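1. Sequence below, structure please.
(2 chains)
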Amino acid sequence: MKLSHLTFGQEAVVEQINDNELSLKLLEMGLLPGETVALENIAPFGDPIAIRVGEYKMCLRLEDADCVVVHLK
Amino acid sequence: MKQELTVALVGNPNSGKTSLFNALTGLNYKVSNFPGTTVEKKTGSTKLNEDVTAQIIDLPGTYSLYPKSADELVTYELLRNKSETNFPDLVLFIADASNLKRNLLLLTQVADLGVPVVLALNMVDLAERKGIFYDEQILSEALNIPVLSINARKRTGVKEIKEKLLNEHARNRVKYFSLDFLDTKFLDELSDFTDKRNHYAALQYAINAAHLISTKSKYIREIFDKYQFDARAFQEKEILERYHLIDDAVRLSRRQKPGTHARSFSQKADKILTHRFAGITIFLGLLFLVFQAIFSWSVLPMEWVEIGFVKSSEWVERTLPAGVLNDLLVHGVLAGLSGVMVFLPQIIILFAFIAILEDVGYMARVGFIMDRIMRPFGMNGKSIVPLISGMACAVPSIMATRSIENKKERLITILVTPLMSCSARLPVYTLLIAMLIPEDAKWGPFNLHGIVLMLMYLLGFAAALFSAFIFKFFIKAERKNFFLMELPSYKLPIVHNLLITLYDKGAAFVWGAGKIIVAVSIILWALASFGPTNSMKRIDEKYITLAMEANQPYTLEELATQKNTEKLQASYAGEFGRLIEPVIKPIGFDWKIGIALLTSLAAREVFVGTMSTIYSVGGDVDDLHSIRNKMSNEKDPVTGKPIFSIAAVLSLMVFYAFALQCMSTVSVVQTETKSWKWATIQFVYMTALAYLSSLLVFTMLS
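-> Numbering: from 1, shown residues only, chains lettered A, B, ... in the order given. Here you go, the predicted model:
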């Protein structure tokens, strides 16, 4: 499944990041294959979302979360 | 022997670099920037021991050496260029211990450039509350660099850092990521061309420059093609291998203990602050509070500034011999300065709020909440901070756009920020609204003046969004836009840092704006004081004769003001007013307003002062009542109708809301976009928008 499909509070493990202009930036930010992520907040208009990556929290838009493939933990 | 050492402070955003910088240097620094975040490098000095002084350079936070935004570029540029005078002897890397892994990625990149690195572990207390401990000794051995724990907030560990920086071990150059898998000939060829002794630095520079349009970049792409080098695949491999190496070091040195779940506070706060209804309500409530504070807390200090200027003007007028210099200082320089300095209290209050909200971590949440709303307008969540601060002053707000990664979104934000009603428009609005509505008019329980004022602010915001929407179609995007941002955990603001920031902002405003205002007000003063010699002389003579007549009905003071008025009309500024009258007639302005438009070209608030001079209100310039009455009684000499009809006043208000009458903004836009092109486009479009809107308002209402 995709990172953008997680529902509130769900935990998942990153499988891979599909090729995209942003994928290197996502890797730099620690969104690595095997890393655990969790959906922690959703902005008032449903987009962007805030996720926990490793030991910190970051936010990204749904369209960018689309290129991150995850499986539920 | 005296010795000087250059030390660069490098780290991720929000890792506490600026706190450490303040703790190390105190007030021994120069250059300033926007509150809360560092967008420009800042240099200060500290004594390491009797003989060695260190120049400390605070740099904007970055996540990697492949910069994505203008502020990150500042850091990259300093570290990549060995011939740069500021090139550091060593890097003091500051890392957030509660999130060590991601922080160390940048550390390994910096070290591979061939600069010695010392690691300072910050926020150890925060990590400990999460149950995470690091063994400094083991981490130091694993990374092969000196490591020590500090607490930049409480300013502990500063002495130890100074000792470490002097340590021989701190001069070690280490290498983490090996380029052995690449063709040596390829690396040599790149190094020759990019003039580097370090292969990683050469390759890294080549990858960053390959996207650019220049002959150098074209040549880099040719070398890449020749050796079939895939930059993207290389970068991916680089990131993964670095993380692999970091994982090992972190695992070895990390001691886990049961934590007290410190992050649950941030998580609970976020649940409320980013909530669908509560989040937006709190955000709007905070905005309201900020505006209340700006307007109510600043009343007294603004009075002090005014009194200060009045006193010093009087002193200069009395002390210096009467003449051109006296006149220039009092009516040119001091009058110009006081018009702007009077806003210093409001600006300080606004900056204090922004700095606190930034320090606490709330500004990142505002971006998160607002991103979806800003997107259709070609901007992103990070644009909201400059737009809000634009209500105080567009100049620092435009500098704050540096954190926006996408060039198109950043440019749009720069172009529309001056449409937000800044504090300089306030006195103009106040005067004009008072001409429309009786002071005690109410709408239900609310003061009608306040409501109209708020409508003017909303009008500015609407115009900003509208213009952004139009620009979206005309500015082409070089890259995909995205909104990727860390949401740092909430922290208490540090009073010491806040005070330094405010001192910094205040000084920057006084000197920066002051210089321009002095220059421009001298020019304007000259234009308004001098005119064609013949006509000026005639006025002088006329009043000398008048004053001698025994039974003329005016007092000497009244005569003096009348004379000043006539002289202004005859001056070059007056001539200019008449010259542009045909252009401004259709929007309801006469030549006198034309003079005010000219004088307020440098700064909007000058409008009120010019009006009072033109309508010769004797004595107190700030007496709004008398200016208002004079203006209301003004009649068109041909038609006999009042000049300041409702239509004309509304037209004037709309004009001031949209026109870019601020030289400081023009100059900061030129610096930030590095071109006169955008500064000119902005000036032209805002003036056109102002003129056309005024034309529409005036024609519809009259």
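2. I'd like the average pLDDT over the longest helix seen in chain A.
-> As assigned by DSSP state H, the longest helix anywhere in chain A is helix A:23-28. Mean pLDDT, computed over helix A:23-28, is 90.
3. contacting residues around it?
-> A:17, A:60, A:64, A:67-68, B:63-64, B:66, B:68, B:105, B:232, B:235-236, B:239-240, B:482, B:484 (Cβ atoms under 8 Å, 6 or more residues apart in numbering or on different chains). (C-beta placed from N, C-alpha, C; glycine too.)
4. Quick one: distance of that helix to the chain centre.
-> 11 Å (Cα atoms, centre = their mean, to the nearest Å).
5. ditto for stretch B:143-160
-> Worked out by Cα atoms, centre = their mean, stretch B:143-160 lies 32 Å from the chain centre.
6. Quick one: name the residues of chain A near chain B.
-> A:21-30, A:32, A:40-48, A:50, A:54-61, A:64 (Cβ under 8 Å from any Cβ of the partner chain).
7. Buried subset of the residues you listed, written for PyMOL?
-> To isolate the buried ones among these in PyMOL, judged by 16 or more other Cβ atoms under 10 Å in any protein chain shown, type:
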select buried, chain A and resi 22+23+24+25+26+27+28+29+30+32+40+41+42+43+44+47+48+50+54+55+56+57+58+59+60+61+64
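8. Okay, now the unreliable bits of chain A?
-> For chain A, applying pLDDT under 70 flags no range at all.
9. Buried residues of stretch B:326-333, list them for me.
-> Within stretch B:326-333, judged by 16+ other Cβ under 10 Å, the buried ones are B:328, B:329, B:330, B:331, B:332, B:333.
10. In contact with residue 65: list those residues for me.
-> By default, I'm working from chain A. Taking Cβ under 8 Å, 6+ apart, one finds A:2, A:3, A:4, A:49, A:51 in contact with residue A:65.
11. To clarify, I was referring to chain B.
-> Residue B:65 touches B:76, B:79, B:80, B:106, B:109, B:110, B:113, B:204, counting by Cβ under 8 Å, 6+ apart.
12. Nearest to residue B:607 among those residues?
-> residue B:76 (44.0 Å; Cβ to Cβ).
13. what's the distance between the residue in the stretch 251-400 of chain B that chain A sits nearest to and residue A:59?
-> Using Cβ to the nearest Cβ, the single residue of the stretch 251-400 of chain B nearest to chain A is residue B:372, 3.9 Å away. From residue B:372 across to residue A:59, the span is 11 Å (Cβ to Cβ, to the nearest Å).
14. shared neighbours of those two, anything?
-> With Cβ under 8 Å, 6+ apart as the test, residue B:372 and residue A:59 both reach A:43, A:48.
15. check contacts around residue B:458.
-> Contacts of residue B:458 by Cβ under 8 Å, 6+ apart: none found.
16. Let me see the confidence value for it.
-> Model confidence at residue B:458 (pLDDT) stands at 88.
17. Roughly how far does it sit from residue B:420?
-> Applying Cβ to Cβ to residue B:458 and residue B:420 gives a distance of 11 Å.
18. which is the next helix or strand following the strand ranked longest in chain B?
-> Identified as the longest strand of chain B according to DSSP state E is strand B:3-11. The first helix or strand that comes after strand B:3-11 along the chain, using DSSP states H and E, is helix B:17-25.
19. so what's the nearest residue to residue B:167 once chain neighbours are set aside up against?
-> Nearest-residue entry for residue B:167: residue B:146, 6.2 Å, with adjacent residues in sequence omitted and distances by Cβ to Cβ, 6 or more residues apart in numbering or on different chains. Applying Cβ under 8 Å, 6+ apart to residue B:146 gives the contacts B:118, B:119, B:140, B:164, B:167, B:169, B:170.
20. Now the buried members of those.
-> B:118, B:119, B:140, B:164, B:170.
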